[in-house]
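Asks: when you get a sec, could you give me coordinates for this:
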Amino acid sequence: MTDRRSILKASLLAPAMLAKSASAATGPAGIQMKLPCVVSTWPFGVAANKAAWEILSKGGRALDAVEKGVMVPEADLKNHTVGRGGYPDRDGHVTLDAQIMDEHGNCGAVAGMEHIAHAIPVARAVMEKTPHVLLVGEGATQFAVEQGFKKEELLTPESRAAWEKWRKTAKYQPVSNIEVKSYGLGTPGGAGNHDTIGMLAIDAKGNLSGACTTSGAAWKMHGRVGDSPIVGAGLFVDNEVGGATSTGMGEEVIRNVGSFLVVELMRGGMSPTAACKVAVERILKKKPEAKMLQVGFLAINKKGEVGAWAIQKGFSYSLCDQTSQDRIVPGQAFFEATPGN
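Replies: Below you'll find the model as predicted:
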């Protein structure tokens, strides 16, 4: 017969046994970075990482680094998935989503924001200057203007031309790995559809921060918001464990609270690579037809080990530390790219 002392002993040993079990099956090793370091999604992350490195290399804070870093693609008119060059929704509105998190667990975000070119500093202002986490739509724009951000038209002539061409057929069909095609880094594709830059950094003090920003899915329904500004979906940082960010079709990430899941799996002892793989598996198990879409996760743990995994081949990520500032790594995946994508 089990007595109270035996039950108490078992309860005290359980966490240690769980940790040992998780440690024994950490999964495939990733890439070990030297601290400080910064990682981000996609090849256009190279330029973003270099901007972040200017701060990290001088002993600056990871939060400042990720903010400065992702502002680079936000300002790039060639990038049709982030910032002022982003393609509009089906009604012709360019709307931006962004989120930022610091080492203390503070976070701020904006969603569906119009007429403001840089979403990430507005998200930081939400974090630091309001009691809220997320501002949306007209309220986000109003707050940005009150904070001194310039209100402007974001629909560029190039984006307008692409939108008017799309309106002739009005066919919404997400295109996987579009950022690769847009930058001439893969098989040429159509006019662009969706994606995100997610960035994670560890500074010289060992503190983590993260940011992600996007113009969302091109030709989306007006008012649609993806995973990027949703805490725990598009981004999550825990300074005791590590951080994760996602890219691709945001609805699938939101349904599984993907980035939070990755961080919690790392907390349990998994490597970043293994954690990202399990998060993708979770999506595919719940919705097998998602194999026709693209979702990728990128993660870094407290030690600076980096890993990634995606549904389809084609996802890649950029790394930057004192040894290299322009390294691009292909992510592992379950499937070959969908034909035509």
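
Asks: which regions of this structure sit below the pLDDT cut-off?
Replies: 1-26, 171-194, 338-341 (pLDDT under 70).

Asks: helices of this protein, start to end?
Replies: If DSSP state H is used as the criterion, the helices of the chain fall at 4-24, 45-56, 62-75, 120-129, 137-146, 157-167, 178-182, 250-256, 258-267, 272-286.

Asks: what are the contacting residues of the fifth one?
Replies: For helix 137-146, contacts defined as C-beta atoms under 8 Å, 6 or more residues apart in numbering pick out 110-116, 122, 125-126, 130, 135, 151, 223. For every residue, glycine as well, the C-beta is placed using N, CA and C.

Asks: who wins for most neighbours among these?
Replies: V110 (32 neighbours; other C-beta atoms under 10 Å).

Asks: what about the residue lying closest to it once chain neighbours are set aside, distance to A337?
Replies: In space, and not counting its chain neighbours, V110 is closest to A140: 4.2 Å by C-beta to C-beta, 6 or more residues apart in numbering. Plainly put, A140 is 35 Å away from A337 if you go by C-beta to C-beta, to the nearest Å.

Asks: buried residues in stretch 311-324, which are they?
Replies: I311, Q312, K313, G314, F315, S316, Y317, S318, L319, C320, D321 (16 or more other C-beta atoms under 10 Å).

Asks: and those residues as JSON lines, adding distance to G198?
Replies: Shown next, in JSON lines, are the buried residues of stretch 311-324 (distance: C-beta to C-beta, whole Å):
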{"residue": "I311", "distance to G198": "16"}
{"residue": "Q312", "distance to G198": "17"}
{"residue": "K313", "distance to G198": "19"}
{"residue": "G314", "distance to G198": "16"}
{"residue": "F315", "distance to G198": "11"}
{"residue": "S316", "distance to G198": "13"}
{"residue": "Y317", "distance to G198": "9"}
{"residue": "S318", "distance to G198": "11"}
{"residue": "L319", "distance to G198": "13"}
{"residue": "C320", "distance to G198": "14"}
{"residue": "D321", "distance to G198": "18"}
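
Asks: between these, which is nearest A201?
Replies: Ranked by distance to A201 (C-beta to C-beta), those are led by C320 at 9.0 Å.

Asks: who has more neighbours, A140 and A337?
Replies: In this view A140 and A337 are compared by other C-beta under 10 Å, and A140 has more residues nearby, 28 against 18.

Asks: tell me, how many neighbours does G105 end up with?
Replies: G105: 12 neighbours (other C-beta under 10 Å).

Asks: correct me if wrong: it contacts N239.
Replies: Yes: counting by C-beta atoms under 8 Å, G105 does reach N239; the two are 7.4 Å apart.

Asks: out of the contacts of helix 137-146, which sit inside strands?
Replies: The members of the contacts of helix 137-146 that map onto strands under DSSP state E are V110, A111, G112, M113, L135.

Asks: mind listing what the third one touches?
Replies: So the one you mean is G112. T95, L96, D97, V136, G137, A140, G223, V225.

Asks: how about the residues you listed in a markdown table, adding distance to T196?
Replies: Formatted as a markdown table, the contacts of G112 follow (distance: C-beta to C-beta, whole Å):
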| residue | distance to T196 |
| --- | --- |
| T95 | 14 |
| L96 | 11 |
| D97 | 8 |
| V136 | 17 |
| G137 | 19 |
| A140 | 18 |
| G223 | 18 |
| V225 | 12 |
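
Asks: ok, of these, which come out buried?
Replies: Buried by 16+ other C-beta under 10 Å: T95, L96, D97, V136, A140, V225, out of the contacts of G112.

Asks: find the nearest non-adjacent residue to the first one, please.
Replies: On the basis of C-beta to C-beta, 6+ apart, the spatially nearest residue to T95 that is not a chain neighbour turns out to be G112, at 4.7 Å.

Asks: any idea how far that neighbour is from M199?
Replies: From G112 to M199 the distance is 22 Å (C-beta to C-beta).

Asks: same deal with V72?
Replies: In terms of C-beta to C-beta, V72 sits 10 Å off from M199.

Asks: spit out the residues that contact the two alike.
Replies: Common neighbours of V72 and M199 (C-beta under 8 Å, 6+ apart) are A48.

Asks: more neighbours, the two?
Replies: Remark: of V72 and M199, M199 carries more neighbours, 35 against 23, as counted by other C-beta under 10 Å.

Asks: cheers, nothing more for now.
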